[in-house]
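Colleague: Task: produce atomic coordinates for the following.
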Amino acid sequence: MEAQYIDHKDTGFFSKLVTDYLADNSQLQAFYNYRPNEDGLAKAIEERAKYPINREVLVKTLKRQYENLEITPSVQENIELLKENNTFTVCTAHQPNLMSGYLYFFYKIIHAIKLAHFLKEQHPYKNFVPVFYVGSEDNDLDELSVFKFGDEKYRWTTDQKGAVGRMSTHDLFPLLELLKSKIGLSTKNAEHLQQVITAAYEGEKTITDATRFLINAFLGKYGIVVLDADDHDLKACFIPVLKAELTQPKSMDLVTETSLNLNRHYKAQAYSRPINLFYLKDDIRERIEQKDEKWVVVNTDIHWNTQKELENEVEQFPERFSPNVILRGLYQESILPNVAFIGGGSEVAYWMQLKSLFAHYHVFFPAIILRQSALWMNKKECELQEKLNLSNAELFLPDASLKKHFLLRNSKNDLDLSNEREQIKDIIEKIKVKAKNIDQTLQDSAAATFTKINYQLSILEKKMLKAEKRNQAIQMQQIDDLKKHSFPNHTLQERHDTFLPFYLDYGMAYFETLFQTTTAFGDEFLILKTQ
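Modeller: Down below sits the predicted model:
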């Protein structure tokens, strides 16, 4: 494989907020504390030491969650290291999608591993543990139950409700058998993939347990620690914030004010509610609202008539209170000694809304790192790119723009009418002067004439391009083939495909290649080319 990198701005797939953040635009500097670079992380590490967390509870919880799993020495060592005050975490998070969902699921985790390794090299007397925080309390089954393999979409049909991470894998058998029949057993990679899938999902496991198994099987050797924060003891560490959010909520006002400031130049991602907590019990995950003098769980008959009743339940059953997107990061940073959070573009954007919330609750606000993005090109695609003489930046152009660009550059005919437009514009300007000298109102007529001519020229130019496309039909089909495989459904590969076909082709070398080529701070888009 050959690794090449391009600027995120050149891809056209990232928001202005993200590209401005990477470029250190002054308009965003008020919304975060640490730059996503070596100096920024050095400052974050220094400051993080001033915000202690309950390491005993964290380690005890992790050991309990891993007790039925055969783990690597690296994972074991990292869990033990979390007892030490000079150990910090690099965290990323995602919901427990079936079969990991999209490619960026693993890109996030590998990036966390890479940054943890990098920080250890920079700060040898400190320890850095990569952590995957499972969003197990998410109840969006429509999203989490779907994955793709090849050209087919697979969907888990179940009657279970509530938090997806708590759901049982017992009714996944028919879907797993269908998937394994498609994977086959023709290669060692296929055999191993089937073995991992079977061990992860078959039987009476939770989706969270299956996800932990999957990550441990493929990336455990790198020391990645999987944390399920849907836990009584961990939530108990968050009780003061839970009570405050329920009885004296401040998050909505704080986040709304920050969002208004952010919206002056960008678009805020997350929406804050008066109470940013769900009630989580059995198959229920519903919003909590305050109505008059009592609190209710919407769409249920669960309620608390007094503040004392509500606080008693929080103290006895903190695991029943689930943070939404506004409070999830606050909870994460309250239970982990974290220095950096790695997320996608939308995650970077909504973290920009949260700084004042963290300050209010005296919780450490970590460095925010844009996760590594990648495009993996097979040998055929690389050959097509070279044959068409397309730059990496041109690959990311929309289909129509790329074809037009290609035709203008490669046609034997002159398809660009911009010079003629300028000449006609100059002539019309001279006519306008003459017309104005005769009658002031004729100036507008001359301008309208140019508009009509310009419109007709655009139509003619489109016809010329269409005709040239027919002349270069083979090249146009090659562009379609290249874009179809590299940008399926006109989006980034990482947002459409799963790791399954890549693992069948490359096996464990797939993950190793990503680890070796991922940059510590994800500041460039990675393109991997098969030689």
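Colleague: Can you classify Glu143 as helix, strand or coil?
Modeller: With DSSP: H, G, I helix; E, B strand; the rest coil as the basis, Glu143 sits in helix.
Colleague: what's around it, how many residues?
Modeller: Other residues near Glu143 number 12, with proximity taken as other Cβ atoms under 10 Å. All C-beta spots, glycine's among them, are computed from the backbone N, C-alpha and C.
Colleague: So it sits against Pro96, correct?
Modeller: No - the criterion here is Cβ atoms under 8 Å, and Glu143 misses it with Pro96 at 11.0 Å.
Colleague: Going along the chain, name the helices of the stretch 301-450 of the chain.
Modeller: Per DSSP state H, counting those that start in this stretch, the stretch 301-450 of the chain carries helices over the ranges 307-316, 325-335, 345-351, 355-361, 379-388, 392-395, 399-410, 418-438, 442-471.
Colleague: got the phi/psi numbers for Lys153?
Modeller: When quoted as degrees, to the nearest 10, the phi and psi of Lys153 stand at phi -110, psi 130.
Colleague: how about stretch 168-176 as PDB, C-alpha atoms only?
Modeller: Extracted in PDB, the C-alpha atoms of stretch 168-176 (Å, rounded to 0.1, in the frame of the first residue of the first chain):
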ATOM      1  CA  SER A 168     -29.900  -9.600  23.500                       C
ATOM      2  CA  THR A 169     -28.300 -11.300  20.500                       C
ATOM      3  CA  HIS A 170     -30.600 -14.400  20.800                       C
ATOM      4  CA  ASP A 171     -32.700 -13.600  17.800                       C
ATOM      5  CA  LEU A 172     -29.800 -12.600  15.500                       C
ATOM      6  CA  PHE A 173     -29.200 -16.200  14.300                       C
ATOM      7  CA  PRO A 174     -31.100 -16.100  11.000                       C
ATOM      8  CA  LEU A 175     -29.300 -12.800  10.000                       C
ATOM      9  CA  LEU A 176     -25.900 -14.200  11.000                       C
END
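Colleague: what does the domain assignment say about the protein?
Modeller: Recorded structural domains for the chain (assignment: automatic domain parsing) are 2-236+327-373+510-529, 380-491.
Colleague: any chance of those in a markdown table, plus distance to Val296?
Modeller: A markdown table is the format used below for the domains of the chain (distance: least, Cβ to Cβ, whole Å):
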| stretch | distance to Val296 |
| --- | --- |
| domain 2-236+327-373+510-529 | 18 |
| domain 380-491 | 40 |
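Colleague: hey, which of those is tucked in deepest?
Modeller: domain 2-236+327-373+510-529 (a mean of 19; mean count of other Cβ atoms under 10 Å).
Colleague: Could you check how far that one is from the centre of its chain?
Modeller: How far domain 2-236+327-373+510-529 lies from its chain's middle: 10 Å, per Cα atoms, centre = their mean, to the nearest Å.
Colleague: Where do the helices of the stretch 51-200 of the chain begin and end?
Modeller: Using DSSP H, counting those that start in this stretch, helices in the stretch 51-200 of the chain cover 55-66, 73-81, 104-122, 141-144, 173-183, 188-201.
Colleague: between these, which gets nearest to Val18?
Modeller: helix 104-122 (14.1 Å; Cβ to Cβ).
Colleague: which secondary structure elements does the closest one contact?
Modeller: Judged by 3 or more Cβ pairs under 8 Å, 6 or more residues apart in numbering; DSSP states H and E, helix 104-122 is in contact with helix 38-48, strand 87-94, strand 127-134, helix 207-219, strand 338-343, helix 509-517.
Colleague: Looking at the ones you listed, which is nearest to Gln194?
Modeller: In terms of Cβ to Cβ, the element of these nearest to Gln194 is helix 207-219, at 12.0 Å.
Colleague: Double-check that Gln290 belongs to a strand.
Modeller: Yes - under three-state DSSP, Gln290 falls within a strand.
Colleague: Please name the residues that touch it.
Modeller: Counting by Cβ atoms under 8 Å, 6 or more residues apart in numbering, Gln290 touches Leu246, Pro274, Ile275, Val296.
Colleague: give me that answer again for 7 Å
Modeller: Contacts of Gln290 were listed using Cβ atoms under 7 Å, 6 or more residues apart in numbering, and they are Pro274, Ile275.
Colleague: same check, this time on Val134
Modeller: By Cβ under 7 Å, 6+ apart, Val134 lies in contact with Pro96, Gly165, Thr208, Thr211, Val226, Leu227, Asp228.
Colleague: 10 Å - rerun?
Modeller: The contact partners of Val134, taken as Cβ atoms under 10 Å, 6 or more residues apart in numbering, are 65, 93-96, 165, 207-209, 211-212, 215, 226-230.
Colleague: Same question for Leu234.
Modeller: 54, 57-58, 60-62, 227-228, 318-319, 331, 334-336.
Colleague: How about Lys120?
Modeller: Lys126, Asn127, Phe128, Val129.
Colleague: what does Asn305 give?
Modeller: So Asn305 contacts Glu293, Lys294, Trp295 (Cβ under 10 Å, 6+ apart).
Colleague: of the helices of the stretch 301-450 of the chain, which approaches Glu286 most closely?
Modeller: Closest approach to Glu286 among these is made by helix 307-316 (14.8 Å; Cβ to Cβ).
Colleague: Mind giving me the packing neighbours of the closest one?
Modeller: With contacts taken as 3 or more Cβ pairs under 10 Å, 6 or more residues apart in numbering; DSSP states H and E, helix 307-316 sits against helix 232-236, helix 239-247, strand 284-291, strand 294-297, strand 303-304, strand 321-323.
Colleague: rerun that using 6 Å as the cut-off
Modeller: With contacts defined as 3 or more Cβ pairs under 6 Å, 6 or more residues apart in numbering; DSSP states H and E, the packing partners of helix 307-316 are helix 239-247.
Colleague: average model confidence for the helix it packs on?
Modeller: Across helix 239-247, pLDDT averages out at 96.
Colleague: Which positions in that helix come out as buried?
Modeller: Val241, Leu242, Lys243, Glu245, Leu246 (16 or more other Cβ atoms under 10 Å).
Colleague: Glu137: which of the residues you listed is nearest?
Modeller: Nearest to Glu137 out of the buried residues of helix 239-247 is Leu242 (Cβ to Cβ; 13.6 Å).
Colleague: and that closest one, what does it touch?
Modeller: Listed by Cβ atoms under 6 Å, 6 or more residues apart in numbering, the contact set of Leu242 reads Val314, Phe321.
Colleague: Tell me the spacing between it and Met352.
Modeller: Here Leu242 is placed at a distance of 24 Å from Met352 (Cβ to Cβ, to the nearest Å).
Colleague: Find the residue closest to the most centrally placed residue in the chain in space, skipping its chain neighbours.
Modeller: Nearest to the geometric centre of the chain sits Gly344, at 3.1 Å (Cα atoms, centre = their mean). Computed as Cβ to Cβ, 6 or more residues apart in numbering, the closest residue to Gly344 that is not its neighbour in sequence is Arg371, at 5.5 Å.
Colleague: list the contacts for that neighbour?
Modeller: With contact set as Cβ under 6 Å, 6+ apart, Arg371 has these partners: Tyr107, Lys108, His111, Ile342, Gly343, Gly344, Gly522.
Colleague: What of Ala112?
Modeller: Going by Cβ under 6 Å, 6+ apart, Ala112 touches Val90, Thr92, Pro130, Ile342.
Colleague: Same question for Thr158.
Modeller: Residues near Thr158 by Cβ under 6 Å, 6+ apart: Asp171.
Colleague: where's it relative to Thr169, distance?
Modeller: The spacing between Thr158 and Thr169, counted by Cβ to Cβ, is 10 Å.
Colleague: repeat for Ser26
Modeller: As judged by Cβ to Cβ, Ser26 and Thr169 stand 50 Å apart.
Colleague: before we move on, what about Asn33?
Modeller: The gap separating Asn33 from Thr169 is 40 Å, by Cβ to Cβ.
Colleague: if we can go back for a sec, and of the contacts of Asn305, the nearest to Lys180?
Modeller: Using Cβ to Cβ, Trp295 comes nearest to Lys180 of those, at 47.0 Å.
Colleague: give me every residue that touches that closest one.
Modeller: Trp304, Leu310.
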